[in-house]
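Peer 1: for reference, the sequence and a predicted model appear below.
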Amino acid sequence: MSRLTDLSIAQQARALKAGELSPVELVEAHLARIEAVDDRLHAFILVTAEEARAAARTAETEIRSGEWRGPLHGIAIGLKDIYATRGIPTTGHSRLLKDHVPTEDAETVARLSAAGAISLGKLSTHEFAFGGPSPDLFSPPARNPWNTDLQPGGSSSGSGAAVAAGLCAAAMGSDTGGSIRSPSGFCGLVGLKPTYGLVSRRGVLPLSWTLDHAGPMTWTAEDCALMMEALAGHDPADPASVDGPVPDFRAAIGRPVAGLRIGIARAWHASADPELVAAIERAAAVLADQGAIVEEVTLPDIMDFHAVGRIIILAEGFAIHQRHLRRQPEIYGAHFRDRMRLGAFVSADEYIRTIRFRRTLVGQMNEAMAPFDAVLTASHYGPPDRMADAPTFPFFGKPYLTMPFNVTGQPAAAVPCGFYSNGMPMSLQFAAKPFADDIVLAIAHAYEQAAGDRATRPAL
Amino acid sequence: MTDRSLEEFLAQARHAGIAFTEEEIPRMHDAWQRMHAVLLSRLPADPDLADEPALIFHPAGTRSAR
């Protein structure tokens, strides 16, 4: 690892605090990296270089005068372009909002700024976090830095590409059915979908109110914990924000996993690529070697979670976009337009039956997970598809391995677990009980320290 | 794909205020059928009248209204 931009947040923070590295130098390194490679990745929709440089100078002055804000002070981040940024366009990667400039930062943006993080700009996303890698938007879709012919996953596609390529040290994503964990998995990152309500969604363009989650995407589990320290906690202005204790993320890093009971949900990922199935078994063995008690767990039918989540997204998403889908559907990209119009056909009765079924599934999951502290499965079934192979309705195929934890609201993280023989990252998924986000990251960190490869970056 | 099914699909689209082009109709009709077959078909049968409420409202001043 020779580039400054390949260092983790924790590594950069130690150097910044010690005065061995300046925020100005760090931001310039990331901006140079963007200049060098982003024409091939299209991770950024908008790079706010001058704003970043100004913030870096401020951070440098503060740190030199002893005003250390914490481990995110001077760290370069990117924001999925659904996060409101005051004075800076927030487009949802859609022509509909191409000229939309918020007057206020999203709550999470404000918290990261208060922690000293420096935004480098707005990142590519599937249109309104739903539309797939569309070629018909106002700027190109993001590509996978490990192989630019392949998709980076989505919908937080630019976030995944940017962090993996070292364009920024961390990025904010959002996750309604897997949109943090999918790109994290395909790009070799740690991506946490926190417990529903733990991280404010105020100022984040919505896709589905009862399924949307805001969360971080980082190179390491420790970096995820550092981001969550700044992000988590009650926001009185977000009606879905939970007012309660926040997990101790700092203490999670380095916490032993001995004695933790981890259920491996083999039935869910049995049809995954054999290389990935084998990698998950190896990961289970690594954790067992550290004293975790790993046993098989039988979770409810994943297809039921998939159906419930997908119906809710269609119904709620259509309700959000119905005015424009009725009056000017051509303003959307083809993928978003076709997908979201299906929501018009979900009746009120069907939506309410889905909500009822959701509660049943939550109860079944609670019962299945009762003996366990966490579960282990895959984040996806295999390597990503080619950019050109983006079906309009992928959700009529295999059930998304990520969706169950959106339906239940419990925390879940994608964690790298090696590489396929074709060089693409493999990814597993840990999930825990509601508000046990610290346990997810503790397990992820323990696994990563024992077996993870955080030295290999895309060869860009 | 039957004509009746297509007729029902188009009627629902009109009712929802959604206008499809001629080019869009076949693939959106197919998607609508798949939505029923793959997703909506998994919903449990209609509950009884006396089943527990599906939705709960909390008046302002108590818990958050949902």
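Peer 2: Perfect, I can see it now.
Peer 1: what residues of stretch A:378-388 count as buried?
Peer 2: Buried residues in stretch A:378-388, counted by 16 or more other Cβ atoms under 10 Å in any protein chain shown: A:378, A:379, A:380, A:381, A:382, A:383, A:384, A:387. Every C-beta, even on glycine, is put in place using the N, C-alpha and C of the backbone.
Peer 1: and those, which is closest to chain B?
Peer 2: residue A:381 (16.8 Å; Cβ to the nearest Cβ).
Peer 1: now do the SS call for residue A:276.
Peer 2: Secondary structure state of residue A:276, per DSSP: H, G, I helix; E, B strand; the rest coil, is helix.
Peer 1: mind listing what it touches?
Peer 2: A:269, A:378, A:381, A:382, A:417, A:420, A:426, A:428 (Cβ atoms under 8 Å, 6 or more residues apart in numbering or on different chains).
Peer 1: next: residue A:421.
Peer 2: residue A:275.
Peer 1: so it is in which element?
Peer 2: Take DSSP states H and E as the rule and residue A:421 turns out to sit in neither a helix nor a strand.
Peer 1: how much space between it and residue A:153?
Peer 2: Applying Cβ to Cβ, to the nearest Å, the value for residue A:421 to residue A:153 is 19 Å.
Peer 1: cross-check the contact I'm expecting between residue B:19 and residue B:28.
Peer 2: No: Residue B:19 is not in contact with residue B:28 according to Cβ atoms under 8 Å; the separation is 10.9 Å.
Peer 1: those two: who's more crowded?
Peer 2: The residue with more neighbours, out of residue B:19 and residue B:28, is residue B:28; 22 against 13, by other Cβ atoms under 10 Å in any protein chain shown.
Peer 1: let me see the contact set for the more buried one.
Peer 2: A:338, A:341, A:342, B:9, B:13, B:20.
Peer 1: element containing the first one, please.
Peer 2: In this case it means residue A:338. helix A:334-341.
Peer 1: farthest pair in the contacts of residue B:28?
Peer 2: A:338 and B:9 (14.0 Å; Cβ to Cβ).
Peer 1: I'd like to know how far the residue nearest the centre of chain A sits from chain B.
Peer 2: Closest to where the C-alpha atoms of chain A average out (Cα atoms, centre = their mean) is residue A:180, at 2.3 Å. Computed as Cβ to the nearest Cβ, to the nearest Å, the residue A:180 to chain B distance reads 23 Å.
Peer 1: that residue and residue A:86, how far apart?
Peer 2: 24 Å.
Peer 1: got any ranges where chain B has weak pLDDT?
Peer 2: Applying pLDDT under 70 to chain B flags residues B:1-4, B:61-66.
Peer 1: near chain A, which residues of it?
Peer 2: Within chain B, the positions adjacent to chain A are B:9, B:12-13, B:16-19, B:24, B:27-28, B:31-32, B:34-35, B:38-40, B:42-44, B:46-47, B:54-55, B:64 by Cβ under 8 Å from any Cβ of the partner chain.
Peer 1: among those residues, name the buried ones.
Peer 2: Using 16+ other Cβ under 10 Å, the buried ones in the residues of chain B next to chain A are B:9, B:13, B:16, B:18, B:24, B:28, B:31-32, B:35, B:38-40, B:42-43.
Peer 1: report the buried residues of stretch A:236-246.
Peer 2: Buried-residue list, stretch A:236-246, by 16+ other Cβ under 10 Å: A:238, A:240, A:241, A:242, A:246.
Peer 1: now do the SS call for the second one.
Peer 2: By that I understand residue A:240. The three-state label given to residue A:240 by three-state DSSP is coil.
Peer 1: so it versus chain B, what's the distance?
Peer 2: 8 Å.
Peer 1: quick one, phi/psi of that residue?
Peer 2: phi -100, psi 0 (degrees, to the nearest 10).
Peer 1: what sits closest to it if chain neighbours are left out?
Peer 2: If you skip the residues right next to it in sequence, residue A:240 has residue A:197 as its closest partner in space, 5.3 Å away by Cβ to Cβ, 6 or more residues apart in numbering or on different chains.
Peer 1: ok, that neighbour - how many residues close by?
Peer 2: Count around residue A:197 with other Cβ under 10 Å applied: 20.
Peer 1: same question for the one 4 residues further on.
Peer 2: Under the neighbour criterion other Cβ under 10 Å, residue A:201 is assigned a count of 24.
Peer 1: ok, and the closest non-adjacent residue to it?
Peer 2: Per Cβ to Cβ, 6+ apart, closest to residue A:201 is residue A:214, 5.2 Å.
Peer 1: who touches that neighbour in this structure?
Peer 2: So residue A:214 contacts A:83, A:108, A:172, A:173, A:174, A:175, A:194, A:199, A:200, A:201, A:204, A:231 (Cβ under 8 Å, 6+ apart).
Peer 1: who wins on neighbours among those?
Peer 2: Of these, with other Cβ under 10 Å as the count, residue A:173 tops at 36 neighbours.
Peer 1: helix or strand: which one has that one?
Peer 2: Assigned by DSSP H and E, residue A:173 falls in strand A:170-175.
Peer 1: which parts of the helix or strand that comes right after that strand are buried?
Peer 2: With elements assigned by DSSP H and E, the helix or strand that comes after strand A:170-175 is helix A:181-187. Going by neighbour count (16+ other Cβ under 10 Å), the buried part of helix A:181-187 is A:181, A:182, A:183, A:184, A:185, A:186, A:187.
Peer 1: same check on stretch A:79-90?
Peer 2: Quick answer for stretch A:79-90 (16+ other Cβ under 10 Å): A:79, A:80, A:81, A:82, A:83, A:84, A:85, A:88, A:89, A:90.
Peer 1: list of residues touching that stretch?
Peer 2: A:45-46, A:48, A:51, A:91-93, A:97-106, A:108-109, A:119, A:121-125, A:128-129, A:156, A:158-159, A:171-174, A:203-205, A:214.
Peer 1: where is the longest helix in chain A?
Peer 2: Among the segments of chain A that qualify as a helix by DSSP state H, the longest is helix A:302-327.
Peer 1: no wait, chain B
Peer 2: For chain B, the longest helix by residue count, based on DSSP H, is helix B:3-16.
Peer 1: packing partners of it?
Peer 2: helix B:25-34 (3 or more Cβ pairs under 8 Å, 6 or more residues apart in numbering or on different chains; DSSP states H and E).
Peer 1: could you dump the helix it packs on to CSV, C-alpha only?
Peer 2: C-alpha atoms of helix B:25-34 as CSV (Å, rounded to 0.1, in the frame of the first residue of the first chain):
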residue,chain,number,x,y,z
ILE,B,25,-47.4,-2.1,-23.2
PRO,B,26,-46.1,-5.6,-23.9
ARG,B,27,-43.1,-5.4,-21.5
MET,B,28,-45.1,-3.6,-18.8
HIS,B,29,-47.9,-6.1,-19.1
ASP,B,30,-45.4,-8.9,-18.8
ALA,B,31,-43.9,-7.2,-15.7
TRP,B,32,-47.3,-6.7,-14.2
GLN,B,33,-48.0,-10.4,-14.6
ARG,B,34,-44.6,-11.3,-13.1
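Peer 1: please state the offset of it from the chain centre?
Peer 2: In this view, helix B:25-34 has its centroid 14 Å away from the chain centroid, taken as Cα atoms, centre = their mean, to the nearest Å.
Peer 1: then stretch A:192-211?
Peer 2: Per Cα atoms, centre = their mean, the centroid offset for stretch A:192-211 relative to its chain is 11 Å.
Peer 1: next one: stretch A:304-322
Peer 2: Remark: stretch A:304-322 is offset 19 Å from the chain centroid, using Cα atoms, centre = their mean.
Peer 1: report whether it contacts chain B.
Peer 2: Yes: applying Cβ under 8 Å from any Cβ, one finds stretch A:304-322 in contact with chain B at A:304, A:306, A:307, A:308, A:310, A:311, A:314, A:322.
Peer 1: for the third one, give me its contacts.
Peer 2: Counting by Cβ under 8 Å, 6+ apart, residue A:307 makes contact with A:399, B:38, B:39, B:40, B:42, B:43.
Peer 1: enumerate the residues of the stretch 251-400 of chain A near chain B.
Peer 2: A:303-304, A:306-308, A:310-311, A:314, A:322, A:325-326, A:329, A:338, A:341-342, A:344-346, A:349-350, A:352-357, A:359-360, A:392-393, A:395-396.
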